[in-house]
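Student: Prediction below, plus the sequence it came from.
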Amino acid sequence: MTNDRENRRSRILLIAILFLVTLFGYSLIPKLGDGDELRAQSVLEFITGTARVLAWPIQLFPLAWLSVAAWSIHALLKRKALSRVDAFFIGLAMWVFLQAIAIAYGRGHSLIAVPSRYTDTLLLGLIANLYFGCRLFQASQYIPRPFLRVAGRTSMVALGICMALFFGVATIDGVLEANITQASRQSTLFVTRALLHDPTIDVDKFELPYPRKPRLAMLLADSTMQQLLRIDKNDLPLPCDAKRVGLLSRMVCAAEAIVPHNPLGLFARSERKSPDRSLSKCHLDDFSGGSSATNLPANLPVRFTGWVISDNFPYFSVFNQPRILLLGKDVEYAVTGVAHARPDVATALKSARYHWTGVDITTSASGVAAGDYEIAIRNANSVPCKTGTFVHKP
């Protein structure tokens, strides 16, 4: 009895000492104010971030941690002393769990995917969960057989549902990844151009993933920092219409302007839409090499090239594709294409947000009825923007 009390006191003392060491270590961590914007901004965002971190690598919900939870309940019901191996792995699992909570708090704002630098820690949690899964398998021999069969069937049904949900979410993640990649390319181009070439370009907060833009500009302008990062202003990409662009770069720009960006929908047929005319900002640069009062060919491909902007949808994305509209007297035709970069538009308007505003669509007018039409460009759910170009379908 005396030994139990002494052991309990020594354990409490050890826990108190470790807690004080933890507080002291936390006080030594440097406080970086630039990362405040990355923290979880609400309780809901913190809970969502924690679930997403613990769900790695499935990215659905913490399925892998069910083994730790189930074994913990089993151990509490049995009330048996933990072995040294069990104590080690339960400690490892709890440590990884606390790390996941810290990650969700410190990087939980708009957390879409777990950064790769944290996956090494989360991998240790998967190892601990695998161990407890094996321990549950060992403990299953003491469970009554009828109960075990019911539990097994229920687990298989739940696993099938989770796999179906996982593949559905994985498909959505693929679309989101394409959208994020497009936004990342846009950010990279305009960060370099705005901070090193043209400071008058407005790089808003969405396209510049850095909390303090003036500080970043100051760092990149420092000669020592440019040497460390190997930044050479002469080697940075410039718009296609710049005077310093070499012959090879001009050829690449010309090829980008000619090759359609939607090869799968090269001859997509037009579809009827209800007329909805209004004004916005747009321009049709080229209509199959012609201008206004051009006849629409019946069986040949038709190419539309231009740009469109609006206040609500300033740029295109995976979920916001451009549409060319043919506005007739009583009918409207629309065809959807894929956006492409227009750095010249962004440069002229002095804003990086107008980089992905280009429209380049090749389609067929075989389904268009005879008549006169005005060409308009539409941006997502915004109102159509009339370009002032008229065409005739014989």
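Tutor: Received, thanks.
Student: just so I have it, where are all the strands in the protein?
Tutor: Residue ranges of the strands in the chain, as given by DSSP state E, are 268-269, 271-273, 281-287, 294-295, 301-309, 322-327, 332-336, 339-340, 358-364, 371-379, 385-393.
Student: Of all those, which one is nearest residue 79?
Tutor: For these, the distance to residue 79 is smallest for strand 339-340, at 63.6 Å, taking C-beta to C-beta. The C-beta positions use only the backbone N, C-alpha and C, and glycine is treated the same way.
Student: Okay, domains of this protein per the record?
Tutor: 2-166, 188-235, 263-393 (automatic domain parsing).
Student: lowest-confidence stretch among these?
Tutor: Of all the domains of the chain, the minimum mean pLDDT falls on domain 188-235 (a mean of 59).
Student: I'd like the distance from the spatially closest residue to residue 306 that is not a sequence neighbour to residue 16, if you could.
Tutor: Residue nearest to residue 306 in three dimensions, not counting chain neighbours: residue 284, with 4.1 Å by C-beta to C-beta, 6 or more residues apart in numbering. Separation of residue 284 from residue 16 (C-beta to C-beta, to the nearest Å): 74 Å.
Student: Settle it for me: which of these two has more neighbours?
Tutor: residue 284 (22 against 10; other C-beta atoms under 10 Å).
Student: how far away is the closest residue to residue 363 other than its chain neighbours from residue 49?
Tutor: Taking C-beta to C-beta, 6+ apart as the measure, residue 363 lies nearest to residue 335, with 4.6 Å between them; neighbours along the chain are not counted. Distance of residue 335 to residue 49, given as C-beta to C-beta: 41 Å.
Student: swap in residue 26?
Tutor: Distance from residue 26 to residue 49, counting by C-beta to C-beta: 20 Å.
Student: Have a look at these two and say which one is more surrounded.
Tutor: When residue 26 and residue 49 are compared for neighbours, residue 49 comes out ahead with 24 against 8, by other C-beta under 10 Å.
Student: Let me see the backbone angles for the residue nearest to that one when sequence neighbours are not counted.
Tutor: Take residue 49 and drop its neighbours on the chain: the residue closest to it by C-beta to C-beta, 6+ apart is residue 108, 3.1 Å away. Residue 108 has phi and psi values of phi -90, psi -10 when expressed as degrees, to the nearest 10.
Student: Residue 108 contacts residue 43, doesn't it?
Tutor: No. Under the criterion of C-beta atoms under 8 Å, residue 108 makes no contact with residue 43, lying 10.4 Å away.
Student: So for the two, which sits in the more crowded spot?
Tutor: residue 108 (23 against 8).
Student: Next up, the contacts around that one.
Tutor: Residue 108 makes contacts with 38, 39, 40, 45, 46, 48, 49, 50, as judged by C-beta atoms under 8 Å, 6 or more residues apart in numbering.
Student: Out of those residues, grab the one that's most surrounded.
Tutor: Using other C-beta under 10 Å as the neighbour criterion, residue 49 leads these with 24 neighbours.
Student: gap between residue 135 and residue 361?
Tutor: Distance check for residue 135 against residue 361: by C-beta to C-beta, it reads 60 Å.
Student: okay, the two: which has more neighbours?
Tutor: Set side by side, residue 135 and residue 361 give different neighbour counts by other C-beta under 10 Å, the larger being at residue 361 (25 against 20).
Student: Could you give the bridge partners of the more buried one?
Tutor: Going by DSSP bridges, residue 361 is paired in beta bridges with residue 304.
Student: Next one: it relative to residue 333, how far apart?
Tutor: Distance from residue 361 to residue 333, counting by C-beta to C-beta: 12 Å.
Student: ok, back up a step: for residue 83, which of the strands of the chain is the nearest?
Tutor: strand 339-340 (60.5 Å).
Student: Next, the distance between the ends of stretch 29-49.
Tutor: Stretch 29-49 has an end-to-end distance of 23 Å (C-alpha to C-alpha, to the nearest Å).
Student: what's the answer for stretch 104-124, then?
Tutor: Terminal residues of stretch 104-124 lie 17 Å apart, using C-alpha to C-alpha.
Student: May I see the buried residues of that stretch?
Tutor: Within stretch 104-124, the residues scored as buried using 16 or more other C-beta atoms under 10 Å are 104, 107, 108, 109, 111, 114, 118, 122.
Student: now, the most widely separated pair of the residues you listed?
Tutor: Taking C-beta to C-beta as the measure, the buried residues of stretch 104-124 span a maximum distance of 19.2 Å, between 109 and 122.
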